[in-house]
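Chemist: got a sequence here, can you model it:
(2 chains)
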2 protein chains.
Amino acid sequence: MGEFDLIAKYFAHAGVKRADTTLSVGDDGAVLQVRDGYDLVVTTDTMVCGTHFFPDVDPRALGHKLVTVNISDLAAMGAEPSWLSLAITLPALDEAWLAEFAAGLHETADYYNCQLVGGDTTRGPLSLTMMAKGQVPRGKAITRSGAKVGDYVYVTGTLGDAALGLRLVQGVHEVSKKHQGHLLQRFHYPAARVALGQALRHTASSAMDISDGLAGDLPHILKRSGVGAYIDVNRLPLSQALKDSCEPALALQLALSGGEDYELLFTVPENRRGSLDVLLSPYGVPITCIGRITGVAGKLELKAGEQPFTYQHQGFQHF
Amino acid sequence: MGEFDLIAKYFAHAGVKRADTTLSVGDDGAVLQVRDGYDLVVTTDTMVCGTHFFPDVDPRALGHKLVTVNISDLAAMGAEPSWLSLAITLPALDEAWLAEFAAGLHETADYYNCQLVGGDTTRGPLSLTMMAKGQVPRGKAITRSGAKVGDYVYVTGTLGDAALGLRLVQGVHEVSKKHQGHLLQRFHYPAARVALGQALRHTASSAMDISDGLAGDLPHILKRSGVGAYIDVNRLPLSQALKDSCEPALALQLALSGGEDYELLFTVPENRRGSLDVLLSPYGVPITCIGRITGVAGKLELKAGEQPFTYQHQGFQHF
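Modeler: Residues are numbered from 1 along each chain as shown, chains lettered A, B, ... in the order given. Predicted coordinates:
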């Protein structure tokens, strides 16, 4: 089976067809109609076997996660997801694996009304690169650089669940049967906060998604915005599953440094704070105020209530 | 050194800055201003170590080629190159290698006025995925599906030089000293026919770039357009270097099946043919009429003058 038959069989004809896709898979490039008066937002994420996922990962979950991590970046910028490109490198042609992977990818892309419009198929060590393209009204993208002193710091959902789910998969932690499903779901099938991200376009002063853990990610906003922040660890939103399954210290560690939650982290100026609950209540995703932006550039201060909280972030170092 | 320092050092601050790039490397995504009334054209190419290049490849040439193969796809669609994203997977941090690779990449991107606006850096087996984004007036992209019976088939430049260059690199062919430079240049530093591709927007009925060899690539136009073609192999444009260095049979084989020339292959209706030489002469790239489109759907007929020419294409099978 040649490259072209492979593409045609699993990727070219499945999934949603957007009216603004002039030309999809099968030519030198895709031709896409970005709406007049809108900016294009582009993100890239690579997942390498052995680095980002286990060789025996469920290919359907992998297809889901690859789409989600990319769309989560678009969500964090307030963009509407529109199109995906996939570069897939395979060591050999395993049709059963590919069918499941493609199914997971298309299910998730369809859910976000996103069309796969092209890519490349190559032979080599298993690796997946996705680029997602979204649209946002011109000048309305939410960046990491707009946080101001006095802004309040918020997160969506709960933190640390995906990291505990990973520990279950690795077999290094046991939890009661009733919580297993939730935690594994959070690790294998994270959600991208797309609608909420778009709702924040006129409210948030800065935003990003949490992929490497709150304590590793918030400093990016601080650096780009030239500000500091304090976070009250007592306010971190923890799920019942996490609280029931871990000692408090571990629960905090997973919430601060556990990656792959794909919740949104954002800041809101005081004068827009009042409208926030009203604005966001239709989306069914809880939001929690966990701290505030300070003027001490680059400094992330952790507190437990009024007490200082000492913590050493152990993030994922790529090299 | 963390991922972010690495990106910042080699990729974030180098290269051309386009005025239509609102936000580049450093946020969740790039924010780009596609011109109102224009379509976005997107292409993807992956190069895997061991499959697409040798481990000891000159990293500067590799950076050049990665950009060129992507921009060549944009050229084939008549698009103006605008932005690049890079997903780079590295087994370890080799700063000398990375500096040379980045230099080759930026030199070439600058030449085409294309800005690197984001990507991802990961650890794993050496692999490079680039996505290029270009712009074309709405509805004016040249596709593979517009060839009509009676159209003339053209190619730019000369064919087979890169394939002979590869044989030099592999040490399986010797050529005279005076031709070595040209052939190695064609293999390591191919050119994308960007200006010429844009000039063809109103003239060509179909186009693609030749990356896998004429005999392997032309069938894609035939399939997408629902037509056939005959090609006169006596008319294939061969460089003096190729003719001096090979038996005629090998020269034809390299011209028909040798990959990586990145010349344009395009079709032109009879009634637009007259303007072609005038239109294209400012670009300094020769074009050659090599055949004609026929009504026998999917059939590629090779002739040598008036005689049938029997030939078995040996293309690159990815699996």
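
Chemist: strands along chain A, start to end?
Modeler: A:21-23, A:30-32, A:38-48, A:80-90, A:115-123, A:127-137, A:152-156, A:206-209, A:228-232, A:264-268, A:287-294, A:300-304, A:307-308 (DSSP state E).

Chemist: show residues contacting the shortest one.
Modeler: Applying C-beta atoms under 8 Å, 6 or more residues apart in numbering or on different chains, the external contacts of strand A:307-308 come out as A:Glu301, A:Leu302. Quick note: C-beta positions are derived from backbone N, CA and C, even for glycine.

Chemist: what strands line up against it, and which way round?
Modeler: Sheet pairing of strand A:307-308 (DSSP bridges) gives strand A:300-304 (antiparallel).

Chemist: kindly report the same for the fifth one.
Modeler: Strand A:115-123 has the following strand partners under DSSP bridges: strand A:80-90 (parallel).

Chemist: quick check: angle from the partner strand to strand B:38-48?
Modeler: 20 degrees (axes from the mean of the first three to the mean of the last three C-alpha atoms, to 10 degrees).

Chemist: which of the residues in strand A:80-90 are buried?
Modeler: Of the residues in strand A:80-90, A:Glu80, A:Pro81, A:Ser82, A:Trp83, A:Leu84, A:Ser85, A:Leu86, A:Ala87, A:Ile88, A:Thr89, A:Leu90 count as buried by neighbour count, 16 or more other C-beta atoms under 10 Å in any protein chain shown.

Chemist: got the residues you listed as TSV, with pLDDT columns?
Modeler: Compiled in TSV, the buried residues of strand A:80-90 are given as follows (pLDDT from 0 to 100):
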residue	pLDDT
A:Glu80	97
A:Pro81	98
A:Ser82	97
A:Trp83	97
A:Leu84	97
A:Ser85	96
A:Leu86	96
A:Ala87	96
A:Ile88	94
A:Thr89	94
A:Leu90	92
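
Chemist: could you chop chain A up by domain?
Modeler: Following automatic domain parsing, one gets these domains for chain A: A:3-137, A:152-308.

Chemist: straight-line length of the last one, end to end?
Modeler: For domain A:152-308, the first and last residues are 19 Å from each other (C-alpha to C-alpha, to the nearest Å).

Chemist: what's the offset of it from the middle of its chain?
Modeler: Here the centre of domain A:152-308 is set off from its chain's centre by 12 Å, with C-alpha atoms, centre = their mean, to the nearest Å.

Chemist: which residues sit in contact with the residue of the stretch 151-300 of chain A found nearest chain B?
Modeler: Closest to chain B within the stretch 151-300 of chain A is A:Met208: 5.5 Å, counting by C-beta to the nearest C-beta. Neighbouring residues of A:Met208 by C-beta under 8 Å, 6+ apart: A:Ala76, A:Arg144, A:Asp217, A:His220, A:Ile221, A:Leu264, A:Leu265, A:Phe266, B:Asp27, B:Asp28.

Chemist: gap between the third one and A:Pro81?
Modeler: So the one you mean is A:Asp217. 21 Å (C-beta to C-beta, to the nearest Å).

Chemist: these two touch, right, A:Leu222 and A:Lys148?
Modeler: No. Contact criterion C-beta atoms under 8 Å: A:Leu222 and A:Lys148 do not qualify, at 11.8 Å.

Chemist: which of those two has more residues huddled nearby?
Modeler: A:Leu222 (21 against 15; other C-beta atoms under 10 Å in any protein chain shown).

Chemist: what does stretch A:171-183 contact?
Modeler: A:Asp161, A:Leu164, A:Gly165, A:Arg167, A:Leu168, A:Ser239, A:Gln240, A:Ala241, A:Leu242, A:Asp244, A:Ser245, A:Cys246.

Chemist: counting neighbours, what do you get for the nearest residue to the second one once chain neighbours are set aside?
Modeler: Distances taken as C-beta to C-beta, 6 or more residues apart in numbering or on different chains put A:Leu183 closest to A:Leu164, at 5.2 Å, once the chain neighbours are dropped. Other residues within reach of A:Leu183, judged by other C-beta under 10 Å, total 25.

Chemist: excluding chain neighbours, what is closest to A:Tyr10?
Modeler: A:Ala102 (4.1 Å).

Chemist: so the one you found touches A:Leu62, yeah?
Modeler: No. Assessed by C-beta under 8 Å, A:Ala102 is found out of contact with A:Leu62, at 10.7 Å.

Chemist: chain center to stretch A:59-79: distance?
Modeler: Distance, centroid of stretch A:59-79 to centroid of chain: 6 Å (C-alpha atoms, centre = their mean).

Chemist: right, is it up against chain B?
Modeler: Yes. Residues of stretch A:59-79 contacting chain B under C-beta under 8 Å from any C-beta of the partner chain: A:Asp73, A:Leu74, A:Ala76, A:Met77, A:Ala79.

Chemist: report the mean confidence score over that stretch.
Modeler: The pLDDT scores in stretch A:59-79 average 97.

Chemist: separation between A:Leu90 and A:Val67?
Modeler: With distances taken as C-beta to C-beta, A:Leu90 is found 18 Å from A:Val67.

Chemist: so who does the closest residue to A:Gly213 other than its chain neighbours touch?
Modeler: Counting by C-beta to C-beta, 6+ apart, A:Ser257 is the residue found nearest to A:Gly213 once chain neighbours are left out, at 4.1 Å. By C-beta under 8 Å, 6+ apart, the contact list for A:Ser257 reads A:Ala163, A:Gly213, A:Leu214, A:Ala215, A:Gly216, A:His313, A:Gln314, A:Gly315.

Chemist: including pLDDT and distance to B:Met47, could the residues you listed go into JSON lines?
Modeler: Listed next are the contacts of A:Ser257 as JSON lines, based on pLDDT from 0 to 100; distance: C-beta to C-beta, whole Å:
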{"residue": "A:Ala163", "pLDDT": "95", "distance to B:Met47": "34"}
{"residue": "A:Gly213", "pLDDT": "94", "distance to B:Met47": "32"}
{"residue": "A:Leu214", "pLDDT": "96", "distance to B:Met47": "36"}
{"residue": "A:Ala215", "pLDDT": "95", "distance to B:Met47": "36"}
{"residue": "A:Gly216", "pLDDT": "93", "distance to B:Met47": "31"}
{"residue": "A:His313", "pLDDT": "75", "distance to B:Met47": "35"}
{"residue": "A:Gln314", "pLDDT": "71", "distance to B:Met47": "34"}
{"residue": "A:Gly315", "pLDDT": "64", "distance to B:Met47": "30"}
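
Chemist: what does the pLDDT read for the closest residue in space to A:Asp161 that isn't next to it in sequence?
Modeler: Leaving aside its sequence neighbours, A:Asp161 sits nearest to A:Arg186 (C-beta to C-beta, 6+ apart; 3.9 Å). Here the pLDDT value assigned to A:Arg186 is 94.

Chemist: cool, and the one 3 residues further on?
Modeler: Here the pLDDT value assigned to A:Tyr189 is 93.

Chemist: correct me if wrong: it contacts A:Gly63.
Modeler: No. Using C-beta under 8 Å, A:Tyr189 makes no contact with A:Gly63, being 10.7 Å away.

Chemist: quick one, which of the two is more surrounded?
Modeler: Neighbours were counted for A:Tyr189 and for A:Gly63 using other C-beta under 10 Å; A:Gly63 has more, 24 against 16.
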